[in-house]
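> Pasting a predicted model and its sequence here:
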Amino acid sequence: MMQTASVNSSAMAARVFARTGHAFLAGWQTGQAMALRRNMSAIPDKMKAVVVNAIGPASVLKVETSWPVPQGGKPKDGEVLVRNQYAGLNFIDTYFRSGLYKRDPPFISGQEGGGVVAVTTPKAEAMGFRVGDRVVYSVFDSYAEYTAVPADKLVAVPANVSLEVATACMIQGLTAHYLVCDAHAQLLKPGDWCLIHGVGGGTGQWTAQVAKIMGYKVIGTTSKSKEAIARATGADELVTRDAAGWNVDVVQRVMEITGGQGVKCVIDGVGKSTWDISLNSLARRGVLISFGNASGPVPDFPILRLSAKSAYITRPRLMDYTVDREELLRRAGDLFRWVGEGRLKISVDKVLPLDKAVEGHEYLEAGKSTGKVLFKV
């Protein structure tokens, strides 16, 4: 009897082990599979990055080859680690580098990137992101091989849009969208005239095209050297300037075009050199949207100047027009749809290696760009 009981006990133990052991093995395998799905491959400890160690001119940008990978390659839950393929160059990068906008060094330059998801986290996966997905974003530290990005700041790239174009969308495209669609607080109506400065440059090209898509009539300003590019945006009228200055009196020309009324909206990313032109070109109860400082910041002015036409003025920021994920996806979705339909043409001017960050900043600040400038990571 004792032998039979021992045999029966051993058999039962074997059956229990088989069940629990298989369950343990299955659980372990599932955990390993999930870990593999959340990691593209072994993530290095160090990476290449373009770092601002001191505030100053473009020459302060330094390429570091042993900069720590964000969070050791293990993003916080709700974030992903993006393996960047492109980083976008924007004027705001030069503002932080030069000290016009405050950020304490050392820091990695850039705040626009595109690439593939290298590492996910459970919350990011719950939002639909998987390793290998093509994504774009606008957060700090994009001039690098890897960037940790909150999942709610990521935008998945449609199959019919290239990663180059999608990366360009994230600052210049989204900026053009909010400037044209919302920053004027609906004071601009379809059929109204608007004045857009710098339509031969990067953001200006986007803005003029979006304005035409939305049904506005566009007067664009541009340098003579970029006239052909500016005309390709579909602007209804152009005013040009050369090295000696404007070829005509801009305000007078605006008044001629608009029958002496002026424009209902001015979108000005140039700043100091166009400020008076912008204000004087407005119609009664028109709105001036000042969003950039390409020629320097707008000088102080007495608010009484607005009273001559009961004018409005705003100095908006992209972050205030992408306040939640719904708004971000709505704007990006419009841009991707227009690109896919062929209604929005994106000009990529230059794709430079990341090592050429200094050259890129100097090129942009010299006013030479005729479209988007990207760095290949």
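Now that the structure is in, tell me what you want to look at.

> any idea where the helices of this structure begin and end?
Residue ranges of the helices in the chain, as given by DSSP state H, are 2-37, 91-98, 122-126, 163-168, 174-181, 202-213, 227-231, 250-257, 275-280, 325-341, 357-365.

> Can you tell me which of those is nearest to residue 371?
Shortest separation from residue 371 across the helices of the chain is recorded for helix 202-213, at 5.7 Å, computed as CB to CB. Quick note: C-beta positions are derived from backbone N, CA and C, even for glycine.

> Dump the closest one to CSV, restricted to CA.
Provided in CSV are the C-alpha atoms of helix 202-213 (Å, rounded to 0.1, in the frame of the first residue of the first chain):
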residue,chain,number,x,y,z
GLY,A,202,10.3,77.3,-46.4
THR,A,203,7.3,78.1,-44.1
GLY,A,204,6.1,80.8,-46.5
GLN,A,205,5.6,78.3,-49.3
TRP,A,206,3.5,76.1,-47.1
THR,A,207,1.5,79.1,-45.8
ALA,A,208,0.6,80.5,-49.2
GLN,A,209,-0.5,77.1,-50.5
VAL,A,210,-2.7,76.4,-47.4
ALA,A,211,-4.2,79.9,-47.8
LYS,A,212,-5.2,79.1,-51.3
ILE,A,213,-6.6,75.7,-50.3
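
> tell me the angle of that helix relative to helix 357-365?
Using axes from the mean of the first three to the mean of the last three CA atoms, to 10 degrees, the direction of helix 202-213 lies 50 degrees away from that of helix 357-365.

> quick one: pLDDT of the residue nearest to residue 101 when sequence neighbours are not counted?
For residue 101, ignoring the flanking residues on the chain, the nearest one in space by CB to CB, 6 or more residues apart in numbering is residue 95 at 4.3 Å. Residue 95 is assigned a pLDDT of 94 by the prediction.

> swap in residue 34?
The pLDDT attached to residue 34 in the predicted structure is 48.

> Grab the longest strand from the chain for me.
In the chain, ranked by residue count with DSSP state E as the criterion, the top strand is strand 79-89.

> Given it, what are its sheet partners and their directions?
Paired strands of strand 79-89, with direction, are strand 113-119 (antiparallel), strand 146-150 (antiparallel), strand 372-376 (antiparallel) (DSSP bridges).

> List the buried residues in the first one.
Put plainly, it is strand 113-119. Buried residues in strand 113-119, defined by neighbour count with 16 or more other CB atoms under 10 Å: 113, 114, 115, 116, 117, 118, 119.

> Quick check: the gap between the second one and residue 60.
To tie it back to what came earlier, the one meant is residue 114. When CB to CB, to the nearest Å is the yardstick, residue 114 and residue 60 sit 25 Å from each other.

> Ok, the last one next?
Using CB to CB, one gets 31 Å for the distance from residue 119 to residue 60.

> repeat for residue 172
Applying CB to CB, the value for residue 172 to residue 60 is 24 Å.

> Looking at those two, which is more packed in?
residue 172 (26 against 17; other CB atoms under 10 Å).

> Tally up the residues packed near residue 297, please.
Applying other CB under 10 Å, we find 13 residues neighbouring residue 297.

> mind listing what it touches?
Contacts here follow CB atoms under 8 Å, 6 or more residues apart in numbering; on that basis residue 297 touches 100, 271, 272.

> Can I get those residues in CSV including distance to residue 244 and pLDDT?
As requested, the contacts of residue 297 are exported to CSV (distance: CB to CB, whole Å; pLDDT from 0 to 100):
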residue, distance to residue 244, pLDDT
100, 28, 93
271, 21, 92
272, 19, 94
